[in-house]
Structure formats: structure tokens, C-alpha cells
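A.B. asks: Have a look at this prediction, sequence included:
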Amino acid sequence: MSSTRQALIRILAGNKQDNTYISGQQLSEKLNISRTAVWKYMNDLKQDGFIINAVPNKGYRIQQFPSRLSANSMQWGLETKWLGQRIVHKNTVPSTQFVAHDLAREGAEHGTVVIANEQTAGRGRLNRKWQSRRDKGIWMSMILRPNMLPHLAPQLTLLTACAVAEAVLIDTHLTPQIKWPNDILFNGRKAVGILTEMQAEQDRIQYVIIGIGVNVNHNTADLAEGLTQHATSLQIESNEPQDIVQLSQQILVQFERLYASYCDKGFSVVKDKWERYAYKMNEPIAIHTHNKTSSAIFRGIAEDGALCIEEKGMPKKIYSAEIVWDDED
């Protein structure tokens, strides 16, 4: 979004809070553009779903925020300093991850966000398909250029899970749980998936792409056949529809806050928060690695983000595995 449009939205947002009008001449002077340009920008905002009152001799005032997903609606009222200051919106894409990788290779700045109304080839961990129905959920990828060593990048996955869990709790009052490393569950059923991908050299990260998929307003019929025992949505869990734009903004706000704490204080702040949301901590699990399956007790996560288990009375750290709890299929 252009800097002029961003400035216009900020001015209108301030006037909406005061319930006052601002004249076209005042906007022209503040933005250093012509009255005709002001009128064109207003029409653009209306097309994006803003409801604007225009009253002769009084000026303009925002009456209602846009409810449909767009770059403008996402940035309207977004309270972040750097994350989402550039938002790329697509109606339908195979995957927001693909778009984000292309943008990152072209030099997109740290904090660029890609959002879509629908994905036709969404995917999760282990290249599993992620169903991304149109206008039913949050399909989003963030481009980061962190100043960290490549082996620390998996910590960002755990950080993201915490940020999404916080956002969901704040916006919906539902209580999420995180299943290691990053699945977010409600009553044992998955509603959120997170996928982290990285381009790096031996000692330097070029960029990290973090994809977030949230089942928001799916009903039972929207979930693929055979998934209803393992998948859910925020609407199903809360018995009411949720605001996709508002929740998307909240995720960006919580991520930026936690990322700042992480950069300042280290992974311990993420570890503490993650373990508060942990799914079935101190309970038995089965660990599948390659062709081997073993039993252990889940004890939390380590300072480097690894899974901490107790196996035959001995503490152990796991960095990559498929985890199954005793009551799961």
C-alpha cells in the first residue's frame, strides 16, 4: 500500500475515534495532494469495503471498517511497528508460501506479509495437504530476515505457535494447547498449522518464511470427510463466527511483541510461554523416528527448543520425530 494511502487511513482512523469529519481541503493540505487525488483515494477505499460518509461543507468520516480480507483492511488499525507494514494480498493462490519465497528472493523487506482468501495447494509439515477453503480461514505467510545462526531458526516455529495461541486466547477466549512442535489444538483436535521454511548459507540466514493456517469459520461440513475426528475450527469450538481480519491482525501484534522479547532476552521467554500452553505435558507419548517406535514421558522443551522426554528413567532431547499420545490413533 502506498505511503499516501497509509497516511490517509491513519488520519481517518483518528477522526473516527473522535467522531468528527475532516474536509477534503484539510486532507489535501495534510497529504500534499490535490482535492481530485483525495477523491480518487476515497473511491479506492470504498471499493476495498470502507463505508465512508461524505457530507457537503463538513467533509469525510469513516463509518465502518472493511470486513472482507484485503491489504487495506489488514492494515486498518494494525498496531505493529514493522510486521505487516507491507502486505501482499491475493485472492486465490496455490500457497502463500510460494508467493512469499518469490518475494523474498526479489528482496522483500523483513516483516512483509502475504495473505490470501484461498489456497489451492496449501501444505503443512512433511508436505501434508492443508485444506484452505475460500474466506473460511487465515492463510498467511511472513517473511523474516533474522540476525541469527541457521540452527536457531526452529525456535521461530515455537515462537510462532505461542504468538498464535496468545492471539486466539485474546480474540476468542478459547483456551488453545500446543502439541510439539507447533500444532494448536482444541479438545485434542487441530485448528492451526505452522510451517517454517528457510533459505540460508552455512553461517547466515538469508530469509525465513513462516506460514500460518488457521481454520476460523469452518463448520463441520467444510472439513474434509474423515477429518472431523482430528480437525476443528474456531467457529466450531466457540459456536459463533470469528472476525478473520481482526484475528489476523492480533496474530501479527502478538508475534511482533514476542519476537522483540525473544531478541532481547533469548529463548527462555518462548520456552516458558510454550510450556504453559503445552498439550499433555508429563504424560506418556510414542515417538516415531524412521522405522523405530519408542515410549517415553513428555517433560517439556529444552532451552534450544528440543523436545524433552524421559525414556526408561533417563532424560533425553529429541529434535525431529513424529509424536503420538497414548489416546491418539
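C.D. replies: All right, it came through fine.
A.B. asks: What residues sit buried inside the helix or strand hosting residue 264?
C.D. replies: Taking DSSP states H and E as the criterion, residue 264 maps to helix 244-265. Neighbour counts over helix 244-265 (16 or more other CB atoms under 10 Å) mark 244-259, 262 as buried. C-beta coordinates here come from the backbone N, C-alpha and C atoms, glycine included.
A.B. asks: which helices and strands sit right next to it?
C.D. replies: helix 71-75, strand 137-144, helix 154-172, strand 205-215, helix 268-277 (3 or more CB pairs under 8 Å, 6 or more residues apart in numbering; DSSP states H and E).
A.B. asks: Please name whichever of the ones you listed is nearest to residue 240.
C.D. replies: Closest to residue 240 of the helices and strands packed on helix 244-265 is helix 154-172 (CB to CB; 8.8 Å).
A.B. asks: Just give me how far the helix or strand following the closest one sits from the chain centre.
C.D. replies: Helices and strands here follow DSSP H and E; after helix 154-172, the next one along the chain is strand 177-179. How far strand 177-179 lies from its chain's middle: 16 Å, per CA atoms, centre = their mean, to the nearest Å.
A.B. asks: same deal with stretch 254-265?
C.D. replies: Counting by CA atoms, centre = their mean, stretch 254-265 is centred 15 Å from the centre of its parent chain.
A.B. asks: what do you get for stretch 91-104?
C.D. replies: Offset of stretch 91-104 from its chain centre (CA atoms, centre = their mean): 15 Å.
A.B. asks: so what pLDDT did residue 196 get?
C.D. replies: Confidence at residue 196, expressed as pLDDT, is 94.
A.B. asks: what helix or strand does it sit in?
C.D. replies: Using DSSP H and E, residue 196 sits in strand 189-200.
A.B. asks: got the buried residues for that strand?
C.D. replies: For strand 189-200, the buried set under the neighbour-count rule, 16+ other CB under 10 Å, comprises 189-196, 198.
A.B. asks: returning to what we had before: next, the angle helix 154-172 makes with the helix holding residue 264.
C.D. replies: Angle, helix 244-265 to helix 154-172, by axes from the mean of the first three to the mean of the last three CA atoms, to 10 degrees: 140 degrees.
A.B. asks: got any ranges where this structure has weak pLDDT?
C.D. replies: Within the chain, the stretches with pLDDT under 70 are 1-2, 16-17, 66-67, 122-132, 224-229, 326-329.
A.B. asks: which non-adjacent residue is nearest residue 206?
C.D. replies: residue 199 (4.5 Å; CB to CB, 6 or more residues apart in numbering).
A.B. asks: Quick one: name whatever helix or strand follows the helix or strand hosting residue 14.
C.D. replies: If you go by DSSP H and E, residue 14 is part of helix 3-18. Where DSSP H and E defines the elements, the next helix or strand beyond helix 3-18 is helix 24-31.
A.B. asks: buried stuff in the next helix or strand after that following helix?
C.D. replies: Following helix 24-31 in sequence order, the next helix or strand is helix 35-47 (DSSP H and E). Neighbour counts over helix 35-47 (16+ other CB under 10 Å) mark 37-38, 41-42, 45 as buried.
A.B. asks: Now those residues in CSV, please, with extra columns for distance to residue 109.
C.D. replies: Output for those, formatted as CSV (distance: CB to CB, whole Å):
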residue, distance to residue 109
37, 26
38, 28
41, 24
42, 28
45, 24
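A.B. asks: Out of the residues you listed, which comes closest to residue 60?
C.D. replies: Of all those, residue 42 has the smallest distance to residue 60: 6.3 Å, by CB to CB.
A.B. asks: which residues are in contact with the helix holding residue 14?
C.D. replies: Surrounding helix 3-18, the residues in contact under the criterion CB atoms under 8 Å, 6 or more residues apart in numbering are 21-22, 27, 30-31, 33, 38, 41, 44-45, 52, 60-62, 72, 75-77.
A.B. asks: where's the nearest residue to residue 94 once chain neighbours are set aside, which helix or strand?
C.D. replies: If the residues on either side of it in the chain are set aside, residue 94 comes closest to residue 121, at 3.9 Å by CB to CB, 6+ apart. Assigned by DSSP H and E, residue 121 belongs to neither a helix nor a strand.
A.B. asks: looking at it, residue 121 is touching residue 95, isn't it?
C.D. replies: Yes: under the criterion of CB atoms under 8 Å, residue 121 makes contact with residue 95 at 5.3 Å.
A.B. asks: For the two, indicate the residue with more neighbours.
C.D. replies: Applying other CB atoms under 10 Å to residue 121 and residue 95 shows that residue 95 carries more neighbours, namely 22 against 12.
A.B. asks: And the residue of the chain most remote from its centre, how far from residue 24?
C.D. replies: In the chain, counting by CA atoms, centre = their mean, residue 57 sits farthest out from the average C-alpha position, at 42.4 Å. Separation of residue 57 from residue 24 (CB to CB, to the nearest Å) stands at 11 Å.
A.B. asks: next one: residue 44
C.D. replies: Distance of residue 44 to residue 24, computed by CB to CB: 15 Å.
A.B. asks: give the contact list for the nearest residue to residue 278 once chain neighbours are set aside.
C.D. replies: Using CB to CB, 6+ apart and skipping residues adjacent in sequence, the residue nearest residue 278 is residue 178, 6.0 Å away. Counting by CB under 8 Å, 6+ apart, residue 178 touches 161-162, 165, 184-185, 274, 277-279.
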